[in-house]
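Participant: Coordinates for the following, if possible.
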Amino acid sequence: MIFISQSGITDLTKEPEWAEWYVEHLRIMCTVDGITSAKRFKTQASGWPPSLAMYSIRSAEVFVDPYYQKIRGMGPWLSLIDKRFYQRNLFEGVEQAGIMAPEVPPGSVLIVTDQSLPELNHPEPAFDGLTFTWLRAVGLDQSTPYRGISVIPQAQALALPTRADVALYASAQPG
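Facilitator: Modelled structure (predicted):
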């Protein structure tokens, strides 16, 4: 399963401190039994949450673990979280429940699209060669029925036309 938390903060002058906090937060989240990966991404796509944290988790049972309950959330940043962008969704793959978050190597970006059905509506020729992994929202906010994700080289992503229903997220983590 994939857990995705999206957010932004209201005071952008605090972004460097938030980014530093997030690195440690992701490290701590990976100490929870059942969370096997955690990575943060950022976008400048209009209308999309600027920050996306993606976690591979064993099952929804992770959310009731007492240790997870103790360390989860935005901690000292809660009062600065921009409520317009705060979304928490639990996804499973349309065809496979055990799907895990993809690796996004250096020089690549994560493409995200939210759709009512597992397909990119009205694809443009530039999107024809892209393969999306379709995720179905099964828990938490369920702010979208389906999310398509794809990992492609950044140069290829920059050549894609701008669409309101597609965002490019680059790694926000050092190294």
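Participant: For Phe127, give me its contacts.
Facilitator: Leu120, Leu160, Val166 (CB atoms under 8 Å, 6 or more residues apart in numbering). Just so you know, the C-beta spots here come from the backbone N, C-alpha and C atoms, and that holds for glycine as well.
Participant: Would you quantify the distance from the residue lying closest to the second one once chain neighbours are set aside to Ala155?
Facilitator: Put plainly, it is Leu160. Once flanking residues are discounted, Leu160 sits nearest to Ala126: 5.2 Å by CB to CB, 6 or more residues apart in numbering. Separation of Ala126 from Ala155 (CB to CB, to the nearest Å) stands at 13 Å.
Participant: I would like the residues contacting the helix ranked longest in the chain, please.
Facilitator: Taking DSSP state H as the criterion, the chain has its longest helix at helix 15-29. The contact list for helix 15-29 (CB under 8 Å, 6+ apart) reads 9, 35, 38-40, 51, 53, 55, 71-72, 75-77, 80, 172-174.
Participant: Next secondary structure after that helix?
Facilitator: Sequence order places strand 35-42 as the next helix or strand after helix 15-29, per DSSP states H and E.
Participant: what's the helix or strand following that next one in contact with?
Facilitator: Using DSSP H and E, the helix or strand that follows strand 35-42 in sequence is strand 51-57. Here strand 51-57 makes contact (CB under 8 Å, 6+ apart) with 1-8, 22, 26, 29, 34-43, 85, 90, 100-101, 110, 112, 169, 172.
Participant: Just the buried residues of the residues you listed.
Facilitator: Buried subset of those (neighbour count, 16 or more other CB atoms under 10 Å): 1-8, 22, 26, 29, 34-35, 37-43, 85, 90, 100-101, 110, 112, 169, 172.
Participant: Contacts only, for the residue nearest to Gln44 when sequence neighbours are not counted.
Facilitator: Leaving out its chain neighbours, the residue that sits closest to Gln44 by CB to CB, 6+ apart is Pro50, at 7.2 Å. Contacts for Pro50 (CB under 8 Å, 6+ apart) come out as Ser7, Gly8, Lys42, Thr43, Gln44, Phe85.
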